[in-house]
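In: sequence and predicted model, in that order:
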Amino acid sequence: MQEEMEEVEIGEGGDIAREARRFFPYDECRSYQASAVNAMHDALRQGRSVLLEAPTGWGKTAVALAASLSAADKMNLRVIYVCRTNQQIYTVLHELAKVRRRGADIKGLGLYGRHRLCIFPPVASVRDPAFYHACSAMKAAGRCPFHNVETKRFIDAAKITPWSCETLEEHRRIFQSKAFCPYEGLVMTLRNADIVVTTYSHVFNRFMRSLLLGRMNAYPTQVLLVVDEGHNVPRLPQTNSSTSLRLFARASKEAEECGFTDASLSLEKTYEKLMEMQVEEGEAILDEAAFAELKPADLYNMGRHVQEQKLFAGKVPASSLLTLADFLSTAMEKDVMLALTVAGERRFLEVTALDPSRITKPVFKDIYACVAMSGTLSPLEAYAKMTAMPDDTLALKVPYPFPPENLRVLLTKGVSTRLEERNAALYHKIYRLLNAIEPNAGAPFGAAAFFASHELLKQFIDFLSNYSFVTDFLGSSSLKLTWNDVFVEQQFMAVDEIHRLFMNFVDAASRGRALLLAVQGGRLAEGVDYIANTLQTIIIVGIPYAKPTPRISKMIKVYQELFSNGRLYAYVIPALWSALQAAGRGIRGPNDVCTIIFMDRRFAKLKQLIPTWLLSQMKTTHIDRLEEALSRPLPTREQ
């Protein structure tokens with residue numbers, strides 16, 4: 001890695017180069033977009049990778065598509081565009097549709113997971129990750145009515161091309177009408193696609209990457225990769241694989257039912273030992289000795305036998321033994337760490353890769369070039385080191401591009417959410433701030449307070465509810481938020497519950513005055529768009545530093561050996577990125593207005609790590625003068 005990576009702050013100037021213009025989705029460019037497209041296009045033509053840090057709502061997707069598609073067109077490359085979630089795939093496909101409507105002949109499609117596309121109800125109802133083994137067994141046994149060789153030949157001959165589809169449902173309908181598996185139908189079209197939009201796992205999982213490239217009929221050197229929400233990539237090794245301990249109990253029962261008595265007893269013994277293990281600080285590091293009596297290969301063979309028995313009985317061939325065999329195989333790999341995590345009554349096993357570049361380096365080393373982009377990548381050199389991006393990577397920074405009066409960023413002194421400073425005085429300051437926003441809010445108006453952890457949020461809610469304690473502190477028998485509607489994220493909410501909470505909040509904020517209380521790093525704080533400027537005030541309550549668990553301590557030690565500043569890379573930067581992602585939810589376009597309040601004096605020590613587009617709008621104020629600062633309202637949503 002070079003001692004100092006080239007970093008360039010984008011300036012205004014000119015129009016998009018002619019060769020890239022036809023791939024830009026819009027007639028007009030926003031500030032800095034033309035310069036960014038041209039700089040990225042030139043770098044990619046030279047085979048240089050690009051880091052792009054740009055404000056939320058600026059239009060990174062449009063810029064990346066124009067630059068990557070034009071470079072790919074000139075250099076005879078294929079583009080793979082990866083997102084964190086399936087919902088984000090839709091956004092990219094929507095932009096691609098606009099590119100096509102402008103006359104560019106682009107063949108692009110969204111590639112979703114096999115489970116998401118499954119149209120055979122008995123198998124589709126099987127939960128991940130058992131689904132994939134069940135699906136394979138059903139196909140091999142000829143039990144899936146949508147896996148039909150003759151239909152496959154017909155579809156191949158008909159050359160069905162789903163290039164105009166913008167959602168998973170549209171993809172599914174095309175092939176469902178032919179009574180053919182939508183996933184296999186999409187796979188058949190990959191070899192003709194100019195751009196494939198999919199999720200991280202299809203590229204950063206070694207096995208799935210090999211399958212994808214094979215189906216695209218492309219070598220890695222023929223691929224230009226675009227990584228959206230790139231701040232998530234260094235986290236991938238930290239969420240490599242996880243499972244509930246209940247999997248051991250299910251596998252034990254399954255083994256017993258199939259006559260594998262010894263294996264059942266070993267699984268039950270391991271389950272009981274892990275359930276009874278004393279865990280301090282919510283986490284314990286395990287070694288292979290914890291599973292000395294379990295062999296993944298033996299579990300796998302037993303799981304295949306379970307599948308055969310279920311198929312013979314006319315049942316769906318799902319197997320907990322196979323799922324457990326997969327997990328233990330991952331847990332026993334080199335350079336990984338296995339932790340037992342306790343959260344309330346729940347216990348999980350989590351596998352973490354110790355080197356963050358272990359997953360990314362093989363990708364960036366072999367492909368032609370990469371674009372990694374986000375609103376929060378600073379410090380850019382640290383990001384490049386953690387992900388092992390090429391030495392000649394070009395780092396581009398985009399200034400704040402919208403009217404300066406539309407964004408107000410306040411950093412508060414005189415308050416901290418450190419554990420030793422969490423008391424009634426702190427919670428009362430949060431309460432007063434939330435109610436200080438409401439009187440100045442017209443309608444419609446939405447605000448959110450993103451807390452550093454579920455624990456801190458719960459402590460605040462308990463403070464509001466504990467009237468006797470509040471009476472001692474305030475001399476009042478009640479303490480209520482004055483908002484019309486208040487929505488609270490709960491720990492362990494299911495995905496559909498989170499989505500319902502999000503939609504209800506957006507609806508309420510679009511009609512009246514609504515407040516959301518959620519957690520930094522959660523689903524409501526990253527990767528979701530609060531449409532129609534429904535978040536006009538955001539409070540970042542504390543910095544989401546990880547608890548000093550044994551796993552974090554080990555990660556800091558490993559990162560110290562890798563990067564010479566373990567605490568910065570393993571502890572500080574991940575927390576700051578989570579806070580900044582939550583802060584960026586309010587500005588999604590040039591007409592949006594938002595006040596962002598960083599409610600913790602410790603943010604002042606991290607200012608040199610905050611992106612320039614956000615730092616340029618930041619002012620410091622004392623917590624006692626914050627209400628006065630908020631009394632000067634920003635332009636209204638309509639303005």
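Out: Structure received.
In: tell me which stretches of the stretch 51-200 of the chain form strands.
Out: Remark: strands assigned in the stretch 51-200 of the chain by DSSP state E, counting those that start in this stretch are 78-83, 108-110, 195-199.
In: partner strands of the second one and their direction?
Out: Okay, so that is strand 108-110. Here strand 108-110 has these sheet partners by DSSP bridges: strand 195-199 (parallel).
In: tell me who's in contact with the residue minimising distance to the centre of the chain.
Out: When CA atoms, centre = their mean is applied to the chain, the residue found nearest the centroid is residue 84 (4.6 Å). Contacts of residue 84 were listed using CB atoms under 8 Å, 6 or more residues apart in numbering, and they are 199-200, 228-229, 232, 527. The way it works is simple: take the backbone N, C-alpha and C, and place the C-beta from them, glycine included.
In: against residue 230, how distant is it?
Out: Here residue 84 is placed at a distance of 10 Å from residue 230 (CB to CB, to the nearest Å).
In: check residue 326 too.
Out: For residue 326, the distance to residue 230 equals 28 Å [CB to CB].
In: how about stretch 98-108: buried residues?
Out: Residues 99, 104, 106, 108 are the ones in stretch 98-108 that count as buried (16 or more other CB atoms under 10 Å).
In: and stretch 167-180, by the same measure?
Out: Result for stretch 167-180 [16+ other CB under 10 Å]: buried residues 167-168, 171-172, 174-176, 178, 180.
In: of these, closest to residue 278?
Out: Residue 278 lies nearest to residue 168 out of the buried residues of stretch 167-180, by CB to CB, at 44.9 Å.
In: doesn't residue 112 make contact with that closest one?
Out: Yes: under the criterion of CB atoms under 8 Å, residue 168 makes contact with residue 112 at 5.2 Å.
In: and for these two, which residues touch both?
Out: Residues within reach of residue 168 and of residue 112 at once, by CB under 8 Å, 6+ apart, are 86, 89.
In: contacting residues around residue 104?
Out: 22-23, 69.
In: what distance do you get for residue 414 to residue 68?
Out: According to CB to CB, residue 414 and residue 68 sit 46 Å apart.
In: doesn't residue 347 make contact with residue 341?
Out: Yes: under the criterion of CB under 8 Å, residue 341 makes contact with residue 347 at 7.1 Å.
In: quick one: which of the buried residues of stretch 98-108 is nearest residue 534?
Out: Out of these, the member with the shortest distance to residue 534 (by CB to CB) is residue 99, at 28.1 Å.
In: and residue 608, how many neighbours?
Out: 8 (other CB atoms under 10 Å).
In: identify the residues contacting it.
Out: Applying CB under 8 Å, 6+ apart, no residues contact residue 608.
In: now swap in residue 20 and tell me
Out: Applying CB under 8 Å, 6+ apart, the residues near residue 20 are 37-38, 41, 66-67, 70.
In: picking that back up, which of the strands of the stretch 51-200 of the chain has the lowest mean pLDDT?
Out: Of all the strands of the stretch 51-200 of the chain, the minimum mean pLDDT falls on strand 108-110 (a mean of 93).
In: pull the distance from that one to the chain's centre.
Out: How far strand 108-110 lies from its chain's middle: 20 Å, per CA atoms, centre = their mean, to the nearest Å.
In: what's the answer for stretch 425-438, then?
Out: Distance, centroid of stretch 425-438 to centroid of chain: 30 Å (CA atoms, centre = their mean).
In: buried set for it?
Out: Buried residues in stretch 425-438 (16+ other CB under 10 Å): 426-427, 429-431, 433-438.
In: next: stretch 30-40.
Out: For stretch 30-40, by 16+ other CB under 10 Å, it's 30-40.
In: those into CSV, with extra columns for secondary structure, pLDDT and distance to residue 207?
Out: What follows is those, written out as CSV (DSSP: H, G, I helix; E, B strand; the rest coil; pLDDT from 0 to 100; distance: CB to CB, whole Å):
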residue, secondary structure, pLDDT, distance to residue 207
30, coil, 93, 40
31, coil, 93, 43
32, coil, 96, 39
33, helix, 96, 37
34, helix, 96, 40
35, helix, 96, 40
36, helix, 97, 35
37, helix, 97, 35
38, helix, 96, 38
39, helix, 96, 35
40, helix, 97, 30
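In: relative to residue 311, which of the strands of the stretch 51-200 of the chain is closest?
Out: Among the strands of the stretch 51-200 of the chain, the nearest to residue 311 by CB to CB is strand 195-199 (30.2 Å).
In: can you give the contact residues for the closest one?
Out: With CB under 8 Å, 6+ apart as the test, strand 195-199 has contacts from 69, 72, 78-86, 89, 92-93, 96, 106-113, 190, 212, 216.
In: next, residue 541: phi, psi?
Out: phi -90, psi 90 (degrees, to the nearest 10).
In: any idea how far stretch 255-267 is from the chain center?
Out: Worked out by CA atoms, centre = their mean, stretch 255-267 lies 38 Å from the chain centre.
In: CA atoms only: put that stretch into PDB for me.
Out: Extracted as PDB, the C-alpha positions of stretch 255-267 are listed here (Å, rounded to 0.1, in the frame of the first residue of the first chain):
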ATOM      1  CA  ALA A 255     -30.500 -37.400  15.000                       C
ATOM      2  CA  GLU A 256     -32.500 -39.300  17.600                       C
ATOM      3  CA  GLU A 257     -35.600 -39.700  15.400                       C
ATOM      4  CA  CYS A 258     -33.400 -41.200  12.600                       C
ATOM      5  CA  GLY A 259     -31.600 -43.700  14.900                       C
ATOM      6  CA  PHE A 260     -28.300 -41.900  15.400                       C
ATOM      7  CA  THR A 261     -28.300 -42.200  19.200                       C
ATOM      8  CA  ASP A 262     -24.700 -41.500  19.900                       C
ATOM      9  CA  ALA A 263     -24.700 -38.400  17.800                       C
ATOM     10  CA  SER A 264     -27.900 -37.200  19.400                       C
ATOM     11  CA  LEU A 265     -26.400 -37.600  22.900                       C
ATOM     12  CA  SER A 266     -23.200 -35.700  21.800                       C
ATOM     13  CA  LEU A 267     -25.300 -32.900  20.400                       C
END
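In: next helix or strand past the lowest-mean-pLDDT helix or strand in the chain?
Out: None of the helices or strands of the chain scores lower by mean pLDDT, DSSP states H and E than helix 467-474, at a mean of 45. Per DSSP states H and E, the first helix or strand lying C-terminal to helix 467-474 is strand 485-488.
In: what pairs with that next one, parallel or antiparallel?
Out: strand 513-519 (parallel).
In: any regions of this protein where pLDDT drops low?
Out: Confidence mapping of the chain against pLDDT under 70 gives the ranges 1-4, 149-161, 238-240, 438-443, 467-479, 632-639.
In: show me where the stretch 301-450 of the chain has helices.
Out: For the stretch 301-450 of the chain, the helices defined by DSSP state H, counting those that start in this stretch cover 320-331, 357-366, 380-387, 424-437.
In: figure out which of these is closest to residue 279.
Out: Smallest distance to residue 279 across the helices of the stretch 301-450 of the chain (CB to CB): 17.2 Å, for helix 320-331.
In: same for that closest one, what does it pack against?
Out: helix 130-140, strand 241-244, helix 246-257, helix 296-312, strand 346-353 (3 or more CB pairs under 8 Å, 6 or more residues apart in numbering; DSSP states H and E).
In: columns distance to residue 5 and mean neighbour count on top of these, output as TSV?
Out: Below are those laid out as TSV (distance: least, CB to CB, whole Å; neighbours: other CB atoms under 10 Å):
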stretch	distance to residue 5	mean neighbour count
helix 130-140	39	20
strand 241-244	32	16
helix 246-257	43	20
helix 296-312	41	18
strand 346-353	24	18
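In: noted, bye for now.
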